[in-house]
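Chemist: Quick check, what structure comes out for this input:
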Amino acid sequence: MKSPMNSKLIKSIAACLTIVLIYFILRHYGITEYIDLKNVHKIKTWVSGFGIIAPLVYICFYIIATLFFLPGLPVTVLSGVAFGPVLGVVYAWIGSVIAVSLAFLTARYVARDLVENWVSGNTQFKKIDEKVEQEGWRILMFTRLVPLFPFNLQNYAYGLTKIRFTTYALVSSIFMLPGTIAYVQIGGALVSGEGNLRKTLIYLSLAGVLILLVSLIPRLFKRRQTEI
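Modeler: Below you'll find the predicted structure:
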């Protein structure tokens, strides 16, 4: 009979090996090199080549990027380029909600010890953990709107707190939406412009306004930001 300690160790080792294996597979096929704003057009061509299942491929791509700590901004912008400013938001939002949920569940039930090592000694996480005890979903709302804690690591870290999964998934899905809309519009502006420079500039201006509004959110939470 395996002891609880050995069981945890085996789970941690298995999780590490899985992460390393998938990362090297992605790197072998050059996918990790594509996840950069300067290569977005290459990813768009790749995604569009899947035809009717392109949205599903994109969502899977978003999930992989989030789970393996790859930059999320270029992938979010890509949704606007590949699918336009409306459907782009829908697909990016679906991908992000599934990804953060899987990260949370992984930390809570599969690789808890591994994630604990990642956040060990991180004073911001300790404060967030304490605030979850005191304020529950409100601190999750705050950290989704104000990126004080690295987004990808944050998804795993919340799995270590006492917040309920249903609360985590619901609050995350609502308060990640403003940022998703803003950044998808950057890519969507290029598509909506349809080659017309004036039209493209108008859409880019609207995207810029949205990003400005999102960037002002931290000012609304200045007092709480100081506390954390």
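Chemist: can you list the weak-confidence ranges in this structure?
Modeler: Applying pLDDT under 70 to the chain picks out residues 1-44, 147-149, 190-197, 199-200, 215, 217-228.
Chemist: at 80 what do you get?
Modeler: By pLDDT under 80, the low-scoring segments of the chain are 1-48, 71-72, 111-113, 118-129, 131, 133-136, 145-150, 186-228.
Chemist: tell me the contacts of the residue lying closest to Leu87 once chain neighbours are set aside?
Modeler: Closest residue to Leu87 apart from its sequence neighbours, by C-beta to C-beta, 6 or more residues apart in numbering: Pro55 at 7.7 Å. Every residue, glycine included, has its C-beta placed from N, CA and C. If a contact means C-beta atoms under 8 Å, 6 or more residues apart in numbering, then Pro55 has Phe83, Leu87, Tyr91 as its contacts.
Chemist: now do 10 Å
Modeler: Residues counted as contacts of Pro55 (C-beta atoms under 10 Å, 6 or more residues apart in numbering) are Val47, Ser79, Ala82, Phe83, Leu87, Gly88, Val90, Tyr91, Ile94, Gly95.
Chemist: now that we have the residues you listed, which one has the most neighbours?
Modeler: The most neighbours of any of the contacts of Pro55, using other C-beta atoms under 10 Å, belong to Ser79, which has 32 neighbours.
Chemist: Quick check: which element contains it?
Modeler: Per DSSP states H and E, Ser79 falls inside helix 72-83.
Chemist: Name the residues of the strand or helix carrying the residue nearest to Leu87 that are buried.
Modeler: If you go by DSSP H and E, Pro55 is part of helix 54-67. For helix 54-67, burial by neighbour count (16 or more other C-beta atoms under 10 Å) applies to Ala54, Pro55, Val57, Tyr58, Ile59, Phe61, Tyr62, Ile63, Ile64, Ala65, Thr66, Leu67.
Chemist: Now do the helix or strand harbouring Val209 against helix 72-83, angle only.
Modeler: For Val209, the host element (DSSP H and E) is helix 197-215. Helix 197-215 and helix 72-83 meet at an angle of 140 degrees, taking axes from the mean of the first three to the mean of the last three C-alpha atoms, to 10 degrees as the criterion.
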